[in-house]
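Asker: fold the stuff below for me.
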Amino acid sequence: MEHLSIHDHQHGPPPPGMMPQPPQHPGGPVPQGMMPPGLGRPPQPQQLPAQMFTTAAQLLDLTDKKLMISLRDGRKLIGILRSWDQFANLVLQSTKERIFVPPVLSEKEPTGIFADIDRGTFLVRGENVLLLGEIDLDKDDDAPPGYQLAEIKMVEKLARERKKEEKVKEKKKTKMLGKEGFEGENLGEMPLI
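Answerer: Residues are numbered from 1 along each chain as shown. Next up is the predicted model:
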């Protein structure tokens, strides 16, 4: 066999013995549909796991938008979502904590009050988020229906008083249910006197 270089056959097809051959499969020619990657078909895009679209990736649409977030401890935060991670930990900018005091139902015209406290940049652990939603910027300056803006100190004081009242009611209720044989979340830890 003669030793030829590529330059020797620039004009016309190479001689029959010099045709490029597909790589050989150990058992003979490569079966149809089993071509090695890169030969015969374009590279396939990498598939993302399905859970990426049912978890934190849904926050992509809410990035740089104003949100209201309800936390597990009852606090409500309003801020602009700037960043998030795979655990749905959130970074909010220009955050305000909104404190609500619900109306007293015994009054003729029940009206609740609320106040906003500036919190600046806020990091929220994802597991503490109970609910979140985008705020309609057209209605952003309006007070929530049934509520009026009030002084921060007054709202905080009333909110603390209402929380204490609710705790006392909840303890009585849990105690009564415990006597009837029902077990609440924290009933095992609470002494029944």
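Asker: got the contact list for the nearest residue to L90 once chain neighbours are set aside?
Answerer: Nearest-residue entry for L90: V124, 4.4 Å, with adjacent residues in sequence omitted and distances by Cβ to Cβ, 6 or more residues apart in numbering. Any C-beta I mention is one placed from the backbone N, CA and C, and that applies to glycine too. If you count contacts by Cβ atoms under 8 Å, 6 or more residues apart in numbering, V124 has them with 69, 71, 77, 89-92.
Asker: how about the helix or strand harbouring G120: buried residues?
Answerer: Counting by DSSP states H and E, the secondary-structure element that holds G120 is strand 112-124. Buried residues in strand 112-124, defined by neighbour count with 16 or more other Cβ atoms under 10 Å: 112-115, 122, 124.
Asker: output stretch 173-182 as PDB - backbone C-alpha positions only.
Answerer: Extracted as PDB, the C-alpha positions of stretch 173-182 are listed here (Å, rounded to 0.1, in the frame of the first residue of the first chain):
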ATOM      1  CA  LYS A 173     -59.600  25.700  75.000                       C
ATOM      2  CA  THR A 174     -56.700  23.300  75.000                       C
ATOM      3  CA  LYS A 175     -57.200  22.600  78.700                       C
ATOM      4  CA  MET A 176     -60.900  21.800  78.200                       C
ATOM      5  CA  LEU A 177     -60.200  19.600  75.200                       C
ATOM      6  CA  GLY A 178     -57.500  17.800  77.200                       C
ATOM      7  CA  LYS A 179     -60.000  17.000  80.000                       C
ATOM      8  CA  GLU A 180     -62.300  15.500  77.300                       C
ATOM      9  CA  GLY A 181     -59.400  13.300  76.000                       C
ATOM     10  CA  PHE A 182     -58.400  15.300  72.900                       C
END
